[in-house]
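Have a look at this prediction, sequence included:
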Amino acid sequence: MQQKIPAAMLTHRIDGKQAWVKANLEDNDWLYTLDDACRRELSTAVEDMRANALPLLLLTPGLFQFATCHALAMRVRRAFAQGVSFAVVDRLPLDGVSAEEAKALYWLFSSMIARPVARKLDGTMIYDVHDTGMQALPGSGVRPDKTNVDLTFHNDNAYNRTMPEIVGLFCLRQAQSGGLSRAISFQTAHNCLLADYPDLLPRFYRPFPFDRQKEHFDGENPIFSAPMSEYDGAPARAVSALPGQERVRHAR
């Protein structure tokens, strides 16, 4: 039976920086290195925090002198909005820095890029990713990033409809093995589907069920349904949304 085409579906290719493949990526598209001035600013911030202790959630970039770091953060921000949609920042100065101080530096630099939001229903702002030995069984409330399971390509979302604009990862302790981070372009994925499997594309615009892994209030449905792709009909770019979801909307 022929699939019904959704009322609003992107049916043309997406071109531009965000529709990248590995062959056309250059290091300066995604790799941002902290220069000596930025590293000094961050190291000075650690000294200031030791002299004037504050809880992490009260720390804001405006409390410190971050002129160079702020300029770098804006370049990273532009990579998300106008470039290839991902970036690697190499690297925060961590010699002689405690784990909590390192977390504070991550919080401060990230705050220069975008406003932090809660990672869990309980208000957790910085979420630790590590293998706890548990299993991420359906309905268990255990996220896969608390296990050693190999995660396939996905989008981060707090198991709800509101999507984060940017997702940040900070490697504090490198794993002895594994832990490989990979990235793909949703725009390129759309283009491949359009070219090779156009008959399947409408399915992505119809709801899929998602297990919320107990990230919901009492009495709420533990499963919600949402399409993997949405399109508002305007000139488009694809933006990551729900887990595994491609949201296509007007470019900003």
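Ah, there it is. Numbering: from 1, shown residues only.

ok, Leu92 touching Ala102?
Yes - using CB atoms under 8 Å, Leu92 makes contact with Ala102 at a distance of 6.8 Å. In short, each C-beta sits where N, CA and C put it, glycine included.

where's the residue positioned nearest the centre of the chain relative to Ala226, distance?
In the chain, the C-alpha nearest the mean C-alpha coordinate belongs to Val167, at 2.2 Å (CA atoms, centre = their mean). Distance from Val167 to Ala226, counting by CB to CB, to the nearest Å: 18 Å.

likewise Asp90?
35 Å.

and what of Leu34?
38 Å.

With Ala73 instead?
31 Å.

Comparing the two, which residue is more hemmed in?
Each of Ala73 and Ala226 had its neighbours counted (other CB atoms under 10 Å), and the higher figure belongs to Ala73 (22 against 18).

ok, that one - contacts?
If a contact means CB atoms under 8 Å, 6 or more residues apart in numbering, then Ala73 has Phe109, Met112, Ile113 as its contacts.

Tell me how far it lies from Thr124.
23 Å.

got any ranges where the chain has weak pLDDT?
Counting by pLDDT under 70, the chain shows low-confidence ranges at 1-7, 158-159, 235-252.

the strands in it, which residues?
Ranges of strands in the chain, per DSSP state E, are 31-33, 88-90, 207-211, 223-227, 229-231, 236-240, 246-250.

what's around Arg173, how many residues?
Arg173 has 9 nearby residues by other CB under 10 Å.

Can we start the residue count at 21 from this point?
Sure thing, new numbering starts at 21, so read that last one as Arg193.

how many other residues sit next to Cys58?
23.

right, and it touches Gln85 too?
No - using CB under 8 Å, Cys58 is not in contact with Gln85; the gap is 11.1 Å.

ok, back up a step: what's the closest of the contacts of Ala93 to Glu240?
Within the contacts of Ala93, the smallest distance to Glu240 is 31.4 Å, found for Ile133 (CB to CB).

pretty sure the closest one contacts Ile186?
Yes - in this structure, Ile133 is within contact of Ile186 by CB under 8 Å, at 6.5 Å.

So if I had to pick from these two, which one is more boxed in?
Per other CB under 10 Å, whichever of Ile133 and Ile186 has more neighbours is Ile133, with 22 against 19.

Distance check, Met145 against Phe100.
Applying CB to CB to Met145 and Phe100 gives a distance of 20 Å.

Of these two, which one has the most company?
Between Met145 and Phe100, counting by other CB under 10 Å, Phe100 is the more crowded of the two (17 against 12).

nearest spatial neighbour of that one, skipping sequence neighbours?
Spatially, and ignoring its direct neighbours in sequence, Phe100 is nearest to Ile186 (5.8 Å; CB to CB, 6 or more residues apart in numbering).

thinking the one you found is in contact with Pro136, fair?
No - with contact defined as CB under 8 Å, Ile186 does not count as touching Pro136 (9.8 Å).

Can you pull the residues that touch both of the two?
By CB under 8 Å, 6+ apart, no residue touches both Ile186 and Pro136.

Tell me who's in contact with Leu78.
Leu78 neighbours (CB under 8 Å, 6+ apart): none.

quick one, what contacts the residue lying closest to Asp165 once chain neighbours are set aside?
Once flanking residues are discounted, Asp165 sits nearest to Val149: 4.5 Å by CB to CB, 6+ apart. With contacts taken as CB under 8 Å, 6+ apart, Val149 has the following neighbours: Asp165, Lys166, Leu189.
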